[in-house]
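Asks: Kindly generate the corresponding structure for this input.
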Amino acid sequence: MATAAHNEIGQLDALRQRGRILTYAALALFAVIVVRLGWLQLARGGFYKDLSEDNYVQGFVVKAPRGLLLDRNGEILAESRAALSITLSRRKERDDTGVSRVLSELLDLEETLVDEKLAESRTRYYGSVVLVEDATVDQVARIEEHRSVLPGVKVEVTPARGYPMGNSFAAHAIGHVGQISDTELAQREPLGYSIGDVVGKTGIEKRYELMLRGQDGSEYWVCDAAGRELYPFLGGPTREARPGHNVVLTIDAPAQRVAEEALARHDGGAIVALEPATGEVLVLASSPPLDLNALATGLSADEWRALATSQEHPLMNRAIQATYPPGSPFKLVTAAAGLETRTVSRSETVVCRGAYKYGIRTFRCWRPEGHGVVDILKGIVESCDVFFYQVGARLGVARLMDWTERSGFGRKTGIDIGGEVDGNVPTPDWYDRHYGRRKWSKGVVINLAIGQGELLVTPLQTACYVAGLANGGEVVTPHLLKRIEGYSGRVLGTARTGVSHQLPYRASTLEFLRRAMRDVVETPRGTGVLARIEGMDVAGKTGTAQNPHGEDHAWFVCFAPADRPRIAMAVLVEHAGGGGAIAAPIARDVMRAYFRIADPDTIRRAPAPPSEETIDDRT
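Replies: Okay, the predicted model is just below:
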């Protein structure tokens, strides 16, 4: 027992000894810390005070690359490229007046603009404000040379839109991007948008903005007083930027290219091509074109004013926003209305002597000597005005315009980009409102029957109508979206297609119209012989619409192959004259591009038309 007690006392002594050692060690460590703190505060306090004021942690937004836009075959139409941007960050005690003066001189900018951007940067506790987007090498060099007197001014690598197919390729379909406006910011701030963000302004860029927009990242750097990043600050909540989704369009780039090159040879116009069974937009071309890169990087006030007030109206998407008299292609609607109401039969004939008298007025046919004996098939194939004058007179304004509305005109098609207009179908109520009740002549129907007068349509509406004829009467809502893909290529979603409306025609009427359109192109007397393609029957209808402001507009509508249609098209060329001579060959070339018929020698030499007027079927 004594031995056990002795051992226990020895263990307690050892523990006490260790406790004393630990206590002395802790006291020594504490003394070192106190001495070190005292030295830092007393001896080096001024140094670290200055250092803390000169160096600080700055948060930066890492802009996410915008998603790609691709055509139906995977060709890139719009991408994100690396651009150098001159930006402004918030700085305490900065002489903004002096900085503004230097920047305006170095970059040749208006001082008021620089002042606005500097004021905006003072409200930013996070991120920076873009002063010059996509800066030139010369601008960057000037900034770097004067960096010491420009606190908070830096050159950043930012994503910007690039257009591998050209800055104007499919411009009105793609649309342009630009910095978010105050109005847009108020609407989208709950979705995470902030001042300085780039958003879609028109076209596909605007319609699918939320898909194309990526998720911005963030990073933190320790910076000196001049705004130079010294080293990363690891304590900040950094986040990697995530690119936006890729949008695959229905556009066929080779066909689009041919369409745009053809329109570029004329004053202006539009070409729309659709896949009848699906409503996919294969071509959507509008001329004059736009420079998407200039719009994205920003225009000066004078440049924007010149663009917006240009008499050529390049900002207008003529495919969906411009309206025109439909000309002779509208004779298909008049013919359908006449057959459906049994106002005219297929066997009925009239004699065309070059003119038709209605009341006290005489309305002339485009062929002065007349077409002779004409039935409805010949009336379409040779585009006889006199025949359709008489059909229109029998129908009257109310019935003809009712069938026009039921055929899809006078309302938006529902395409998935903004800005589309309704066009105009002048019903009797419309005439009453504009000219006074019963103060207009019923003779207006004569012009309406051949697609003239106050009747106005868009090229897209016309293409949809022709696609409906090709598709057995079913008009599918047109759309530019084919599918959405993730950055890795995984398909996230596809376009929803739906039937817009059914043409109100019997199957026999649809079959007759398709046969007549085929004969327009494929028979010697047809006005559309210049649209022929070797080895493929094409169905079409030419037209030349009178233009009160200048030369006539050229129309051609078509679908091919005639027996199994895969493409339906409307071509409108402003101030160009005859539809058969000008618009039909353009449609032929676009179809050849779409069907990849590359060798021009494969086109069958079309026989000469019966006369110059047959091609130039003026209405």
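
Asks: hey, C-alpha coordinates of stretch 356-366 in CSV?
Replies: Coordinates of the C-alpha atoms in stretch 356-366 are reproduced here as CSV (Å, rounded to 0.1, in the frame of the first residue of the first chain):
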residue,chain,number,x,y,z
TYR,A,356,-62.6,45.7,-119.5
LYS,A,357,-65.2,48.4,-119.0
TYR,A,358,-66.7,48.7,-115.5
GLY,A,359,-69.2,51.5,-115.1
ILE,A,360,-67.7,54.6,-116.7
ARG,A,361,-64.1,53.4,-116.3
THR,A,362,-62.0,51.2,-118.5
PHE,A,363,-59.5,48.9,-116.9
ARG,A,364,-56.7,47.6,-119.2
CYS,A,365,-54.9,44.3,-119.3
TRP,A,366,-51.1,44.3,-119.2
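
Asks: Which positions within that stretch qualify as buried?
Replies: Judged by neighbour count using 16 or more other C-beta atoms under 10 Å, the buried positions of stretch 356-366 are 356, 358, 363, 365-366. Where you see a C-beta, it was placed from the backbone N, CA and C, and this is true even at glycine.

Asks: I'd like the residues you listed laid out as CSV, including pLDDT, secondary structure and distance to Leu77.
Replies: Converted to CSV, the buried residues of stretch 356-366 look like this (pLDDT from 0 to 100; DSSP: H, G, I helix; E, B strand; the rest coil; distance: C-beta to C-beta, whole Å):
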residue, pLDDT, secondary structure, distance to Leu77
Tyr356, 92, strand, 50
Tyr358, 88, strand, 51
Phe363, 91, strand, 47
Cys365, 92, coil, 45
Trp366, 88, coil, 41
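
Asks: For stretch 104-124, buried residues please.
Replies: Counting neighbours by 16+ other C-beta under 10 Å, one finds that the buried residues in stretch 104-124 are 104, 106-107, 109, 113-115, 117-118, 120-122, 124.

Asks: Can you pick out the most distant pair from those?
Replies: Checking the buried residues of stretch 104-124 against each other with C-beta to C-beta, the farthest-apart pair comes out as Leu106 and Arg124, at 21.9 Å.

Asks: where do the strands sit along the stretch 251-400 of the chain?
Replies: 269-274, 281-287, 350-352, 355-358, 361-364, 372-374 (DSSP state E, counting those that start in this stretch).

Asks: nearest to Ala26, of the ones you listed?
Replies: Sorting the strands of the stretch 251-400 of the chain by C-beta to C-beta, the top spot, which is the nearest, belongs to strand 281-287 at 79.1 Å.

Asks: And that closest one, what does it pack against?
Replies: helix 171-174, helix 253-263, strand 269-274, helix 584-594 (3 or more C-beta pairs under 8 Å, 6 or more residues apart in numbering; DSSP states H and E).

Asks: okay, these, which one's buried deepest?
Replies: strand 269-274 (a mean of 31; mean count of other C-beta atoms under 10 Å).

Asks: Show me what it pairs with in its sheet, parallel or antiparallel.
Replies: In the sheet containing strand 269-274, the strands it pairs with under DSSP bridges are strand 281-287 (antiparallel), strand 567-573 (antiparallel).

Asks: For that strand, report the contacting residues that lie outside it.
Replies: Here strand 269-274 makes contact (C-beta atoms under 8 Å, 6 or more residues apart in numbering) with 252, 255, 259, 262-263, 280-287, 317-319, 322, 459-460, 462-464, 467, 478, 553, 567-574, 576, 586-587, 590, 594.

Asks: go again using 6 Å as the cut-off
Replies: Counting contacts by C-beta atoms under 6 Å, 6 or more residues apart in numbering, the residues outside strand 269-274 that touch it are 259, 263, 281-287, 318-319, 459-460, 463, 467, 478, 567-574.

Asks: shaky segments in this structure?
Replies: For the chain, the stretches with pLDDT under 70 are 1-15, 38-56, 58, 92, 124-127, 224-229, 598-619.

Asks: To what extent is the closest residue to Gly67 other than its chain neighbours buried, counted in neighbours?
Replies: For Gly67, ignoring the flanking residues on the chain, the nearest one in space by C-beta to C-beta, 6 or more residues apart in numbering is Gly244 at 3.3 Å. Gly244 has 22 neighbouring residues, counting by other C-beta atoms under 10 Å.

Asks: wouldn't Gly244 be in contact with Gln215 here?
Replies: No - taking contact to mean C-beta atoms under 6 Å, the distance of 8.3 Å between Gly244 and Gln215 leaves them out of contact.

Asks: one step back: now mean neighbour count and distance to Ser194 too, for the strands paired with strand 269-274, in CSV please.
Replies: Conversion of the strands paired with strand 269-274 to CSV gives the following (neighbours: other C-beta atoms under 10 Å; distance: least, C-beta to C-beta, whole Å):
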stretch, mean neighbour count, distance to Ser194
strand 281-287, 29, 33
strand 567-573, 30, 42
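
Asks: Nearest to Asp402, out of those?
Replies: Taking C-beta to C-beta as the criterion, strand 567-573 is the member of the strands paired with strand 269-274 that comes nearest to Asp402, at 22.7 Å.

Asks: Just the angle for that closest one relative to helix 253-263, thanks.
Replies: Strand 567-573 and helix 253-263 are oriented at 20 degrees to each other (axes from the mean of the first three to the mean of the last three C-alpha atoms, to 10 degrees).

Asks: mind exporting strand 567-573 as PDB, just the C-alpha atoms?
Replies: This file holds the C-alpha atoms of strand 567-573, laid out as PDB (Å, rounded to 0.1, in the frame of the first residue of the first chain):
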ATOM      1  CA  ILE A 567     -39.500  24.700-100.100                       C
ATOM      2  CA  ALA A 568     -42.000  27.500-100.600                       C
ATOM      3  CA  MET A 569     -40.800  31.000-101.300                       C
ATOM      4  CA  ALA A 570     -41.800  34.600-101.900                       C
ATOM      5  CA  VAL A 571     -39.400  37.000-103.600                       C
ATOM      6  CA  LEU A 572     -40.100  40.800-103.600                       C
ATOM      7  CA  VAL A 573     -37.700  43.100-105.300                       C
END
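
Asks: starting at the chain centroid, how far to that strand?
Replies: Between the mean C-alpha point of strand 567-573 and the mean C-alpha point of its chain there is a distance of 19 Å (C-alpha atoms, centre = their mean, to the nearest Å).

Asks: outside of it, which residues touch it?
Replies: Counting contacts by C-beta under 6 Å, 6+ apart, the residues touching strand 567-573 from outside are 266, 269-274, 276, 459, 462-463, 466-467, 470, 554-560, 582-583, 586-587, 594.

Asks: So the residue nearest to Ala160 when sequence neighbours are not counted, which state does it fall into?
Replies: Of all residues not flanking Ala160 in the chain, Ala83 sits nearest, at 3.7 Å (C-beta to C-beta, 6+ apart). Ala83 carries the three-state label strand when classified by DSSP: H, G, I helix; E, B strand; the rest coil.

Asks: tell me the contacts of Ala83?
Replies: For Ala83, counting by C-beta under 6 Å, 6+ apart, the contacting residues are 134, 158, 160.

Asks: What about those, which are in strands?
Replies: Counted as lying in strands by DSSP state E, out of the contacts of Ala83, are 158, 160.

Asks: Rebuild the contacts of Ala83 as TSV, extending it with neighbour count and distance to Arg532.
Replies: Below are those laid out as TSV (neighbours: other C-beta atoms under 10 Å; distance: C-beta to C-beta, whole Å):
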residue	neighbour count	distance to Arg532
Asp134	19	47
Thr158	22	51
Ala160	22	45
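
Asks: can you list the contacts of Ala83 in TSV and add distance to Glu240?
Replies: Shown next, in TSV, are those (distance: C-beta to C-beta, whole Å):
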residue	distance to Glu240
Asp134	24
Thr158	16
Ala160	20
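
Asks: correct me, but Phe330 touches Gln452?
Replies: No - using C-beta under 6 Å, Phe330 and Gln452 do not qualify as a contacting pair, with a distance of 8.4 Å.

Asks: count of residues packed around Leu339?
Replies: Residue neighbour count, defined by other C-beta under 10 Å, stands at 20 for Leu339.

Asks: Contacts only, for it.
Replies: Neighbouring residues of Leu339 by C-beta under 6 Å, 6+ apart: Thr509.

Asks: gap between it and Arg566?
Replies: For Leu339, the distance to Arg566 under the criterion C-beta to C-beta, to the nearest Å works out to 27 Å.

Asks: Done for today, thanks.
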